[in-house]
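Q: all I have is the shape, not the residue letters:
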């Protein structure tokens, strides 16, 4: 009987190997050859899965985004308003080693996206989705009377989203890939301002 | 008489040429050869100024940072508290084509910095300097009675700084290098929250 190969499974193995290689050697050092070696693939055996490093990077970015969204679904289940907004932000912020590693994938993806309209569009779609989620939490928070500030919620959502992006850079550039313990305090300070006067 | 060459002047010419090439071809397409061609230098004539593309990128990053600080000094002169904080943020935010171009230099620098401790340290020093400036504006705003919220100012400064970094990514990845008209609204919404209850 022919061996059944789960192609999606193998793609994820390759993404995990890419993580580790990028964390060790940086995006430029992460050649297809190094990634194949790390994943235990023969040189050239990556081609059927990812014809180029670019397709691998895009897949890895989508995977980080989907994985984060999976975690967000879990932690926001049964929550609404401020508690849901807090849980969402905590999942996106690079507060542990796994998410600092994800930041180290995301920053090179952004850099590539500057001159690659398809990648830039993937980024913008992801951000539109998160902007919509934040807006929904803010609407709920207003219904619950937790937010009464006379500010445009769409602007607040955009502001918070930019803060979450900026935190990825701080994390990716921290010494020894350490998570920044101050990020939680930054989030709480913002949530306090948001609820002030309510 | 020998021709007097202003080496700093020529370095800045090269940085300007690098801008244009990176905007057109991306950081990876910006070879030393392309940059020399754009600046009207003979191939190889860049070496005395910048032995590697890496030294050129670091110089360009420092130049963007210094130029931004020069603009900040001008627009904050004679201001304190919230008006100074607003002027500072407006200068850092990528609100026009020049600053969107600067964002397109800064994002590749960050990506390089992930695996280059010296570059990461330059980034962190720059951010520490800005964090200190924001803290000072917040102190002044508290003395003036414009900010009374019971939040940690250091956390608020860190939050705002991350928002300013995130805005660079949004700008660098916007279609056709357009500045985002929503950034001003995001800043004003945040400043409104900051002053609420005062």
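A: Everything's here; your move. Small disclaimer: the values here were computed from a predicted structure and weren't measured. Numbering: from 1, shown residues only, chains lettered A, B, ... in the order given.

Q: quick one, the helix or strand bottoming out on mean pLDDT in chain A and helix B:7-29 angle?
A: In chain A, no helix or strand scores lower on mean pLDDT, DSSP states H and E than helix A:7-29, which sits at a mean of 81. Using axes from the mean of the first three to the mean of the last three CA atoms, to 10 degrees, the direction of helix A:7-29 lies 160 degrees away from that of helix B:7-29.

Q: after helix A:7-29, next one along is what?
A: Scanning forward in sequence from helix A:7-29 by DSSP states H and E, the next helix or strand is helix A:32-39.

Q: now the least confident helix or strand of chain A: buried residues?
A: Buried residues in helix A:7-29, counting neighbours by 16 or more other CB atoms under 10 Å in any protein chain shown, are found at A:10-11, A:13-15, A:17-19, A:21-23, A:26-27. All C-beta spots, glycine's among them, are computed from the backbone N, C-alpha and C.

Q: now the nearest residue to residue A:112 once chain neighbours are set aside: which helix or strand?
A: Distance criterion CB to CB, 6 or more residues apart in numbering or on different chains; nearest residue to residue A:112, sequence neighbours excluded, is residue A:119 at 5.6 Å. Using DSSP H and E, residue A:119 falls within helix A:117-143.

Q: hmm, the helix or strand just after that helix in reach of chain B?
A: Counting by DSSP H and E, the next helix or strand C-terminal to helix A:117-143 is helix A:153-172. Yes. Applying CB under 8 Å from any CB of the partner chain, one finds helix A:153-172 touching chain B at A:154-156, A:158-167, A:169-170, A:172.

Q: list the helices and strands helix A:153-172 packs on?
A: helix A:81-92, helix A:97-113, helix A:117-143, helix A:182-195, helix B:153-172, helix B:182-195 (3 or more CB pairs under 8 Å, 6 or more residues apart in numbering or on different chains; DSSP states H and E).

Q: which among those is found nearest to residue A:31?
A: Of all the helices and strands packed on helix A:153-172, the one in closest proximity to residue A:31, counting by CB to CB, is helix A:97-113 (13.7 Å).

Q: who does that closest one touch, helix- and strand-wise?
A: Short answer (3+ CB pairs under 8 Å, 6+ apart): helix A:97-113 packs on helix A:7-29, helix A:53-76, helix A:117-143, helix A:153-172, helix B:97-113.

Q: now with 10 Å, please.
A: helix A:7-29, helix A:53-76, helix A:81-92, helix A:117-143, helix A:153-172, helix B:7-29, helix B:97-113, helix B:153-172 (3 or more CB pairs under 10 Å, 6 or more residues apart in numbering or on different chains; DSSP states H and E).
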